[in-house]
Structure formats: C-alpha cells, structure tokens
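>>> quick one: sequence and predicted model below, then my questions.
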Amino acid sequence: MAKKVVHGARVLVFFSGTKVGVMSTITENEDYGLQGAYAIGQLEPFEIIALRFSGNFNFTSLVLTEDNLNKLKFGERAGKTVPNIVKAILTQEGFTIVLQDKYTDENIATISGCKIGNLSLTVGENAITQRSGSGMYGEPVNSP
C-alpha cells in the first residue's frame, strides 16, 4: 500500500524582523553567471568561473494585512497610505522571504534583500491587499 506524502510549508514575508504577510507560492532562481576562462589561442575553456550572482523570483497571492503593517509604524514616518506603504516596502526598502515548515515551525530557507520589480494588485474587503508579481534579490538563498 502506498504511503500518503504531505508537504507542509509556509512562505512568510518579513520586514524589519516583523512578519507582515504570506505568499501562497514562490519560484526562485539563482544565476551565478558562469563563464569559461580561455588561454590565448585555446578553443576550449581551461576553467569555468562564476562572475556574478543574480537571484530572481516569481510569486502569487502575496497577502499583507493592515494590522501587521501598522505594528511597524512605517506609515508614521511619511504619513503614507497603506497602498503606498506596501509599495515602498516591496520596491524600495526590501524584505525577507522565509520558507517555513508548518508542522515544526523550522525555517527551511531564507531569501534576504528582496525587491519587487513587477506587481499586480487585487484589493478586497477587511483591509487585505493581495499582490502577485516578480522580483530580484542580491544574496544566495540561505538554507540550514
């Protein structure tokens, strides 16, 4: 008899150490910019080296709540509205994405220095704003 396998993970969004939301899905991609190193007159590279790092991700159903944003008192700094606060956090200030096991609350992976480059917006009742889009990050994913 086959065993049933259940994967239990949460994708959490943190800003300044405070959880401000969740994502339903995330796909991340790391590019190390591999290039061949060639000697003069040689057709084949004698070594493959990493020249630069670039990380990007796509996400769906990013949900942020006004209560969590208000805990940060981010809006008081500039008297901004919630949509402008969200935009500033996601595109200018940067945030951290944490993949967490929902059964043990153990962190599986952390993606730091995230910024969003492409957003779509859905606004619903009860002060919930949902966004989907893509972005970039500047450090390799930290996995324990």
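Cool, the structure landed.
>>> okay, CA-based contacts and neighbour counts for the rest of this
OK.
>>> which other helices and strands does the strand or helix carrying V63 contact?
Using DSSP states H and E, V63 maps to strand 54-65. For strand 54-65, the helices and strands in contact under the criterion 3 or more CA pairs under 8 Å, 6 or more residues apart in numbering; DSSP states H and E are strand 18-23, strand 25-31, strand 128-137.
>>> tell me which of those sits nearest to N58.
Evaluated over those, closeness to N58 peaks at strand 128-137, with 4.2 Å, by CA to CA.
>>> any idea of the pLDDT on the residue nearest to G8 when sequence neighbours are not counted?
Once flanking residues are discounted, G8 sits nearest to K102: 5.4 Å by CA to CA, 6 or more residues apart in numbering. Predicted confidence (pLDDT) for K102: 82.
>>> OK, contacts around K102?
For K102, the contact set (CA atoms under 8 Å, 6 or more residues apart in numbering) comprises G8, A9, R10.
>>> does the first one touch T104 like I think?
No: assessed by CA atoms under 8 Å, G8 is found out of contact with T104, at 9.4 Å.
>>> which helices and strands does the helix or strand hosting V13 pack with?
If you go by DSSP H and E, V13 is part of strand 9-15. Judged by 3+ CA pairs under 8 Å, 6+ apart, the packing partners of strand 9-15 are strand 18-23, strand 95-101.
>>> check the residue of the chain most remote from its centre and give its pLDDT.
Distance to the chain centre peaks in the chain at G41, reaching 43.6 Å (criterion: CA atoms, centre = their mean). Note on G41: pLDDT of 90.
>>> so it: helix, strand or coil?
When classified by DSSP: H, G, I helix; E, B strand; the rest coil, G41 comes out as coil.
>>> need phi/psi at it.
phi 80, psi 0 (degrees, to the nearest 10).
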